[in-house]
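A.B. asks: got a predicted structure here, sequence first:
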Amino acid sequence: MTKLLYQNAISAMTLAAALGAALTMTATPAAAAEGDNEKCYGVALKGKNDCKSGPGTSCAGSSKIDFQSDAWKSLPKGTCEKTASPTSPTGFGQLQEFKAQKS
Amino acid sequence: MRIDVSRPHGGHISLQAGMNNYEVDFTSALLDTEQPCPANLSAWNGSDPVKRFAVYRNNVVSSLIDALEDTFPVTRELVGDEFFRAMARIFITRVPPKSPVLAEYGDEFPEFIANFSPVQSVPYLADVARLEMFYLTAYHAADATPLDEASFRGALSNADALPSARLQLHPSASVLRSTYAAGSLWAAHQGTIDLATVDPYLAEEILIIRPFWEVLVVPLRPGAGRFIELLANGASFGETALAVSVAFPDFDLTTTLADIIRTGAVVAFNFNEAL
């Protein structure tokens, strides 16, 4: 570290204050965090399913029909079983793959 | 090692070293309709090998164009399907895949676009393609758990060591520093903002990251791109904050930290590494 840099160095206090303020700004209700999503089967429209794979593979966006019962979409926790799915026996999305009923 | 083979018609094809002459001929004919069908081919049912080879060649090229379409959907929308496919076809003959993994194909496509004279009237196209390649890279990057609030609070309690601490960034994170509004153009094509409000010629810096399941494309504040790059290069928290504050008068440390914490870009606070 050069002398000039040392003289102009940002103090530990400044860094701590900025970090503390940033943490206050980012404190969000837990439900909004993306980590609280769940896989929801039977609600994705054709080609709009999520996947951990990606383009050029045969997974994301690969579902062939609307509301395909073995294709999932990542949805906020608690919303899946309230999302309409015409192929589902319960009428709503499910947390597991299911056997589609004929609509 | 890769070698470049010049062809009489002017195209350059990169081929893997270690191929014999027959494989070189077969591979280059596969990507170039002006070359004849390789010699000594025969079909199992006695049909014309020239026709069979033409079908195979068409399938190879179509599948590669389709892969580029999947990876660069916004780039395609910006120039239209017909133009995109024609451009992709030329790219494929110049830079054929080096790996059998189609999901990795196209990392040289943005640079190709930047030097492709027919799209000089769409100067931001290459940066949008770069963003889409970063998106794909983030998609396939290793998983890592973003640092939680309690761990940040822990780091805060060690305030004296903060200037020399090193922040470890998420393995999926990349920064695009564009001289165009690449992030806004991309967002407009996702339907999240109105294209009419986008000035393509406004420079933007964008963070592309996949903290959990979904890739995030996040516009950055002034200096934040440099801030992330310095941290990624191993500079300490204190050095980074100082260097960016000096270089960018508009830089705000607090909001920038809030942004990178919110996006999950920090996975660890490493102390004790500086002397």
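C.D. replies: Cool, got the structure. Numbering: from 1, shown residues only, chains lettered A, B, ... in the order given.
A.B. asks: any idea where the helices of the stretch 51-200 of chain B begin and end?
C.D. replies: Along the stretch 51-200 of chain B, counting by DSSP state H, counting those that start in this stretch, helices occupy B:73-79, B:81-94, B:109-114, B:125-140, B:149-156, B:182-189.
A.B. asks: what's the offset of stretch B:142-155 from the middle of its chain?
C.D. replies: 26 Å (C-alpha atoms, centre = their mean, to the nearest Å).
A.B. asks: touching chain A at all, that stretch?
C.D. replies: Yes - if you take C-beta under 8 Å from any C-beta of the partner chain as the test, stretch B:142-155 does meet chain A, through B:149, B:152-153, B:155. All C-beta spots, glycine's among them, are computed from the backbone N, C-alpha and C.
A.B. asks: widest-spaced pair of those residues?
C.D. replies: B:149 and B:155 (10.7 Å; C-beta to C-beta).
A.B. asks: now the residues of stretch B:142-155 next to chain A in JSON lines, with distance to residue B:217, pLDDT and neighbour count?
C.D. replies: Below are those laid out as JSON lines (distance: C-beta to C-beta, whole Å; pLDDT from 0 to 100; neighbours: other C-beta atoms under 10 Å in any protein chain shown):
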{"residue": "B:149", "distance to residue B:217": "24", "pLDDT": "89", "neighbour count": "12"}
{"residue": "B:152", "distance to residue B:217": "24", "pLDDT": "92", "neighbour count": "18"}
{"residue": "B:153", "distance to residue B:217": "29", "pLDDT": "92", "neighbour count": "12"}
{"residue": "B:155", "distance to residue B:217": "27", "pLDDT": "91", "neighbour count": "22"}
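A.B. asks: tell me the domain ranges of chain B?
C.D. replies: Per the record, chain B has its domains at B:2-122, B:139-270, by automatic domain parsing.
A.B. asks: dump these into a markdown table; add distance to residue A:87 as well.
C.D. replies: Conversion of the domains of chain B to a markdown table gives the following (distance: least, C-beta to C-beta, whole Å):
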| stretch | distance to residue A:87 |
| --- | --- |
| domain B:2-122 | 26 |
| domain B:139-270 | 23 |
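A.B. asks: could you check how far the residue positioned nearest the centre of chain B is from residue B:72?
C.D. replies: For chain B, the residue whose C-alpha lies nearest the mean C-alpha position (C-alpha atoms, centre = their mean) is residue B:133; its distance is 2.3 Å. Remark: distance between residue B:133 and residue B:72 (C-beta to C-beta, to the nearest Å) = 8 Å.
A.B. asks: now for those two: what residues contact both?
C.D. replies: Residues touching both residue B:133 and residue B:72 (C-beta atoms under 8 Å, 6 or more residues apart in numbering or on different chains) are B:106, B:109.
A.B. asks: quick one: closest of the helices of the stretch 51-200 of chain B to residue A:24.
C.D. replies: Of all the helices of the stretch 51-200 of chain B, helix B:149-156 sits nearest to residue A:24, with 10.2 Å by C-beta to C-beta.
A.B. asks: now for the closest one, which elements pack on it?
C.D. replies: Contacts defined by 3 or more C-beta pairs under 8 Å, 6 or more residues apart in numbering or on different chains; DSSP states H and E place helix B:149-156 against helix A:12-26, strand B:266-270.
A.B. asks: next, format the ones you listed as TSV and append mean pLDDT.
C.D. replies: Converted to TSV, the helices and strands packed on helix B:149-156 look like this (pLDDT from 0 to 100):
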stretch	mean pLDDT
helix A:12-26	92
strand B:266-270	94
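A.B. asks: out of the ones you listed, flag the one nearest residue B:64.
C.D. replies: Comparing these under C-beta to C-beta, the one sitting nearest is strand B:266-270, at 35.1 Å.
A.B. asks: can you spell out which helices and strands pack onto the closest one?
C.D. replies: Here strand B:266-270 touches helix B:149-156, strand B:166-169, going by 3+ C-beta pairs under 8 Å, 6+ apart.
A.B. asks: could you rerun that using 7 Å?
C.D. replies: Secondary-structure packing of strand B:266-270 (3 or more C-beta pairs under 7 Å, 6 or more residues apart in numbering or on different chains; DSSP states H and E): strand B:166-169.
A.B. asks: each with direction, which strands does the strand it packs on pair with?
C.D. replies: strand B:266-270 (antiparallel) (DSSP bridges).
A.B. asks: near chain A, which residues of chain B show up?
C.D. replies: Selection of chain B residues close to chain A by C-beta under 7 Å from any C-beta of the partner chain yields B:67, B:70-71, B:102-103, B:105, B:136, B:139-140, B:149, B:152-153, B:156, B:159-160, B:162-163, B:211-214, B:237-238, B:241-242, B:245, B:253-254, B:257-258, B:261-262.
A.B. asks: farthest residue from the center of chain B?
C.D. replies: residue B:46 (45.0 Å).
A.B. asks: determine the three-state secondary structure at that residue.
C.D. replies: Secondary structure assignment for residue B:46 (DSSP: H, G, I helix; E, B strand; the rest coil): coil.
A.B. asks: what about it, distance to residue A:90?
C.D. replies: Taking C-beta to C-beta, one finds residue B:46 at 57 Å from residue A:90.
A.B. asks: surely residue B:216 touches residue B:263?
C.D. replies: Yes - counting by C-beta atoms under 7 Å, residue B:216 touches residue B:263, with 5.7 Å between them.
A.B. asks: if you skip the residues just before and after it, what's nearest to residue B:168?
C.D. replies: residue B:268 (3.9 Å; C-beta to C-beta, 6 or more residues apart in numbering or on different chains).
A.B. asks: wait, the one you found sits on residue B:170?
C.D. replies: No - the criterion here is C-beta under 7 Å, and residue B:268 misses it with residue B:170 at 9.8 Å.
A.B. asks: neighbour count for the two, which is higher?
C.D. replies: residue B:170 (25 against 17; other C-beta atoms under 10 Å in any protein chain shown).
A.B. asks: list phi and psi for the more buried one.
C.D. replies: With angles defined as degrees, to the nearest 10, residue B:170 sits at phi -60, psi 140.
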